[in-house]
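Undergrad: Got a sequence here, can you build the structure:
(chains A and B)
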Amino acid sequence: MAGKIHIVKQGDYFAKIAKKYGFSNWRTIYNHADNAELKQKRPDPNILYPGDKIVIPNKTTKEDSGGTGQRHRFRFKSDDLWLRIVLKDNNNKPIANTPYQLNLERQTIEGQTDGDGLLEQQIAPDAAEGYLLIQHREFLLKIGHLDPIDTITGVQARLKNLGYYGGEVDGVKGKQTLSAIEEFQCDHGLTVDGIAGPNTQSKLKEIHGC
Amino acid sequence: MAVDNENKVGHESEGGMSAEHPITALKELHVAPSTSKKDTHTTARSEFQIVACWKAEDICFDFDEAFVKKEAEIQFKALRDLYEKLVKRFKMISYYQDSPKPPISIFGHADPVGDCPYNKTLSERRAKAVYGVLTRDVEVWAEVFAKKKHARYLQDRLNGLGHNPGTVDGNVQKAETKSAIRKYIKDLCPDFVLQPRDFLGGSKQTFQGCSEFNPILIFSETEANKFKKDPDKTDRNKENQPNRRVVAFLFEPKTTIESGLWPCPQEPDIQGCKDRFYTKWQKRLSFQAKRREYDQGDETFACRFYDRLADMSPCEAVHLFLPPIRLVFEWTTWEFHIPFRKFEKKIKYYSEGIPYWETRNMIEWTDESGHTHSLVKDAFAQHSELEQIERRRGGKTFGKGKYTTHVVKTHLLITKKDGQTWYIVTAVVIDTKTKQKLFQGKIEAAHLYDIGGTWVKTGGAGGIKVWRKLEAVKGGEWLDPRTGKLTPSEKLERKEVKSRPDIESKIRDLHKQLCEGYRHRNINRRLEIQALPVSAGK
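TA: So this is what the prediction gives:
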């Protein structure tokens, strides 16, 4: 029997939703039969779109038998949540082996990017916002705010991350967005037409990483 | 992400301007967290930042040539000031301490008249000539004027300016010409020199011409047709002037841009420019129903790359600099930066006690606080209205009541919005009884009392009540008889006058306008228009 419906807000991602409803494993929800259609539409559980409907199944109790008087060890499959960001400079060169500081809601983490400029950090399963300080730059991280590639906001956010777009991620395809799409197309050998069609989207996803 | 919209204009004059770009606030990254799929990631790439811009307008160059005129001298000074200010600021931030200089890239622009290749060359030559001045590199100028006809032109010009280039023979390489160039460009920019490494790097990024691809002003269809029909192109060229400019962008220190990522080609290559055009570039450059201007939000640039650079630039705007009208009298100087209108008015005068009316030409303008002032135009001719007042009132004493006002000198007669006539005078206000000097300075005085403001009745003269509105033009305190306290008077701010040789011709034209149709022997004596620092007695 289906449980309640969760309507995705900006910033939601499966791990966060799972935690909200008391599930230790988000896969239970994602792989649930009632969410099959959603799973097809959203192949990446971390990239959702505001308005998406997720069916939250009823929690089932798991029964396990074990002899009394004995010690039993129960292990929860805890959800790993990671932040993986590849940082590049304006010449597209990775900002490698550079110290950074991550300030999330309840964590302050110091680390170093690897030789490929990758920042890979485990974070709390419901992280929402944070600040990344590296060299002299500061970034505001909006975790879970990346929309699917086939949405305007998704295209804008990726172009913004890649330094092509300087405006607001607002879903409005204005002159700045158009210019950014054309620039991206020009730089990557695509037909320059200002339209984020399937070729552009696929290239953007490839270059951006997700 | 919201941008801090604090446009900081450093310098503005008819020949150009300099300004800082708004500071981009924190950059937002929209990231998706990763779960078990260890291969997905977000890529974040930081863009280069522009921190300031500088512009040299068309009047800094000879028409249709790359020769940099004396008019540019002020603009180079402005660039020096901007540059030094930025270096000082960046030195204070630890990340930039070891390398606080903002690298520069120069862009030349042409107006839409003429074909693209020609304009590409001309705009690049202008940008290059500016580069040559800033680096004080004679070889660069030799390259800009390499062609025989350009070399001859250069030699001619240098000759005319008193820098002997030898015979005018089109040979820019000879020693005398190079020596003349060296002296001239040093003169143009005497106390500011940059090295090639202070620019964005490599000749591909240091200077380039955008031909006519990025105008900041595009005529309306009607205007374009009008200009097309007119065989005399003077008006059209004048209207197009804002498009003919050289703009320099100053980048965040430590910025390097790989030449592969800098799309601007050197002349004669235009295809490289076109590769970066918007798909709808023809529409952008076309004449449409209305006149369009870049800084009004209109899409007038064809090149995407340049659009991104210039997007936040205060320099990329049609800049109307109103030259000042300086009226220099024998005793004081007033300066106006405001458009004025002319009209006729009947003024009552008295001759031996008998009133008569005369028509006078007036100039009227509205100041920043909304007051309309008017001035008798012909006051500059025969007897200046002011001279008449001076004769009548200068040295006179008003009122023998509680306060006595002794007028030392009359400066200006103005008529305010409500029709009242005011005088600006230098006066001393004395307590009649104690003879204590209560106030000395410039004040505005009227025959009839003004409503609002600070005014004090100081007595009467000839049956007329005289009220004084005590507004010191420059400092001054007065004793408020109501409270018995010394109060600083309201200050009327006047702009400090600086030397502006570049607008002298404009002022001469205005002088002509002002004195239009009036022939009188005293005209030159009464009205003197100068562009000199204030030294006239106060």
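Undergrad: alpha carbons only for contacts and neighbour counts from here, please
TA: Noted.
Undergrad: contacts for stretch B:61-72?
TA: Here stretch B:61-72 makes contact (Cα atoms under 8 Å, 6 or more residues apart in numbering or on different chains) with B:15, B:56, B:59-60, B:122, B:125-126, B:129-130, B:144, B:154, B:188, B:501-502.
Undergrad: out of the residues you listed, who's nearest residue A:24?
TA: The shortest gap between residue A:24 and any of the contacts of stretch B:61-72 belongs to residue B:56, at 64.7 Å (Cα to Cα).
Undergrad: How is chain A divided into domains?
TA: With domains defined by automatic domain parsing, chain A comprises A:4-56, A:82-142, A:152-208.
Undergrad: Run through the residues of the stretch 1-150 of chain B sitting next to chain A.
TA: B:1-2, B:26-36, B:40-48, B:95 (Cα under 8 Å from any Cα of the partner chain).
Undergrad: what's across from residue B:354 in the sheet?
TA: Per DSSP bridges, the residues bridged to residue B:354 are residue B:351.
Undergrad: ok, now how distant is it from residue B:348?
TA: Residue B:354 sits at a distance of 10 Å from residue B:348 (criterion: Cα to Cα, to the nearest Å).
Undergrad: where do the helices sit along chain B?
TA: Counting by DSSP state H, chain B has helices at residues B:72-91, B:116-135, B:138-144, B:148-160, B:175-188, B:203-206, B:221-229, B:234-239, B:271-274, B:281-285, B:304-310, B:385-393, B:504-514, B:523-526.
Undergrad: Contact partners for the closest residue in space to residue A:154 that isn't next to it in sequence?
TA: In this structure, residue A:154 finds its nearest non-sequential neighbour in residue A:147, 4.3 Å apart by Cα to Cα, 6 or more residues apart in numbering or on different chains. Going by Cα under 8 Å, 6+ apart, residue A:147 touches A:47, A:48, A:49, A:153, A:154, A:157.
Undergrad: Please indicate which of the residues you listed are buried?
TA: Using 16 or more other Cα atoms under 10 Å in any protein chain shown as the burial test, those include A:47, A:48, A:49, A:153, A:154, A:157 as buried.
Undergrad: in the chain, which ranges drop under the pLDDT threshold?
TA: Going with chain A. Along chain A, segments meeting pLDDT under 70 span A:1-2, A:62, A:74-79.
Undergrad: meant chain B actually
TA: For chain B, the ranges with pLDDT under 70 are B:1-7, B:25, B:36-38, B:203, B:320-342, B:361-433, B:435-538.
Undergrad: how does it divide into domains?
TA: Chain B is divided into the following domains under automatic domain parsing: B:8-27+B:45-136+B:189-310, B:325-488.
Undergrad: what's the closest non-adjacent residue to the residue of the stretch 51-200 of chain B found nearest chain A?
TA: Nearest to chain A, among the residues of the stretch 51-200 of chain B, is residue B:95, at 6.3 Å (Cα to the nearest Cα). Leaving out its chain neighbours, the residue that sits closest to residue B:95 by Cα to Cα, 6+ apart is residue A:136, at 6.3 Å.
Undergrad: got it, and residue B:55?
TA: According to Cα to Cα, 6+ apart, the nearest residue to residue B:55 is residue B:247 (4.4 Å).
Undergrad: quick one: the one you found and chain A, what's the gap?
TA: 22 Å (Cα to the nearest Cα, to the nearest Å).
Undergrad: For that residue, which residues are in contact?
TA: B:53, B:54, B:55, B:56, B:106, B:107, B:108, B:109, B:315 are the contacts of residue B:247 under Cα under 8 Å, 6+ apart.
Undergrad: which of those sit farthest apart?
TA: Pairwise distances across those peak at 14.7 Å for B:53 and B:109 (criterion: Cα to Cα).
Undergrad: I'd say residue A:52 and residue A:8 touch.
TA: Yes. Look at residue A:52 against residue A:8 with Cα atoms under 8 Å: they come within range, at 5.1 Å.
Undergrad: Quick check: end-to-end length of stretch A:22-32?
TA: 16 Å.
Undergrad: Next, the buried residues of it.
TA: Those would be A:23, A:24, A:25, A:26, A:29, A:30, A:32, for stretch A:22-32 by 16+ other Cα under 10 Å.
Undergrad: residue furthest from the geometric center of chain A?
TA: residue A:69 (45.4 Å; Cα atoms, centre = their mean).
Undergrad: Just list the residues touching it, thanks.
TA: Contact analysis of residue A:69 by Cα under 8 Å, 6+ apart lists nothing.
Undergrad: That one: which element?
TA: For residue A:69, there is no helix or strand it lies in under DSSP states H and E.
Undergrad: now it: how far from chain B?
TA: 37 Å.
Undergrad: contacting residues around residue A:11?
TA: Residue A:11 makes contact with A:128, A:142, A:143, A:144, A:145, A:146 under the criterion Cα under 8 Å, 6+ apart.
Undergrad: for it, helix, strand, or coil?
TA: coil (DSSP: H, G, I helix; E, B strand; the rest coil).
Undergrad: In stretch B:202-213, which residues are buried?
TA: For stretch B:202-213, the neighbour count (16+ other Cα under 10 Å) marks B:204, B:205, B:206, B:207, B:208, B:209, B:210, B:211, B:212, B:213 as buried.
Undergrad: quick one: contacts for the first one?
TA: Spelled out, it's residue B:204. Shown in contact with residue B:204 (Cα under 8 Å, 6+ apart): B:259, B:262, B:264, B:265, B:266.
Undergrad: Just put the contacts of stretch B:61-72 in CSV and tack on neighbour count.
TA: Shown next, in CSV, are the contacts of stretch B:61-72 (neighbours: other Cα atoms under 10 Å in any protein chain shown):
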residue, neighbour count
B:15, 22
B:56, 29
B:59, 20
B:60, 23
B:122, 23
B:125, 25
B:126, 29
B:129, 28
B:130, 29
B:144, 24
B:154, 26
B:188, 22
B:501, 14
B:502, 20
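Undergrad: picking up where we left off before, ranking by neighbours, what's the top pick from the contacts of residue B:247?
TA: residue B:108 (31 neighbours; other Cα atoms under 10 Å in any protein chain shown).
Undergrad: Isn't that one up against residue B:213?
TA: No. Using Cα under 8 Å, residue B:108 and residue B:213 do not qualify as a contacting pair, with a distance of 10.6 Å.
Undergrad: about what we covered before: what separation is there between the residue nearest to residue A:154 and residue A:52?
TA: Taking Cα to Cα, one finds residue A:147 at 11 Å from residue A:52.
Undergrad: got it, and residue B:158?
TA: Counting by Cα to Cα, the gap from residue B:158 to residue A:52 is 73 Å.
Undergrad: of the two, who's got more company?
TA: residue B:158 (21 against 15).
Undergrad: Alright, I will stop here.
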